[in-house]
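**Student:** sequence first, then the predicted structure, then my questions.
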Amino acid sequence: AATQSDVFSVTHVLSNEDDEALFEKRTDLKKGFINRELISESFPGPEEDVLIFVCGPPPLYNALCGPRDQKEVSGLLAEMGYNEEQVYKF
């Protein structure tokens, strides 16, 4: 990822990390929860050539993109204009 930073980026979002110094040292870490604001700040828009990989517990899938076993995209990513060609659930 570091050698291809112009075409690939990773953002880790941690909700239960208390070490504030960790977030100051690492630009690929965000604290809190994935929401519309974080997506807008961290991802290219749906009109761009973008691929979003989603991994997490079922409530995360339900909120962001719909159930993992369904190709159709729903939830926040669909509301923001992303489609099943741009969202990979694993």
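**Tutor:** Nice, I can see it.
**Student:** give me the low-pLDDT residue ranges for this structure?
**Tutor:** Under the criterion of pLDDT under 70, the regions of the chain flagged as low confidence span 1-2, 4-5.
**Student:** from residue 71, how far off is the residue of it positioned farthest from its centre?
**Tutor:** The C-alpha centroid of the chain is most remote from residue 21, which lies 22.5 Å away (C-alpha atoms, centre = their mean). Distance of residue 21 to residue 71, given as C-beta to C-beta, to the nearest Å: 41 Å. No exception for glycine: its C-beta is placed from N, CA and C like everyone else's.
**Student:** gap between the residue farthest from the centre of the chain and residue 14?
**Tutor:** When C-beta to C-beta is the yardstick, residue 21 and residue 14 sit 13 Å from each other.
**Student:** re the thing from before, isn't there a strand covering the residue farthest from the centre of the chain?
**Tutor:** No - when classified by DSSP: H, G, I helix; E, B strand; the rest coil, residue 21 is found to be helix rather than part of a strand.
**Student:** would you map the helices across the chain?
**Tutor:** Under the criterion DSSP state H, the chain contains helices at 20-25, 36-42, 58-64, 75-79.
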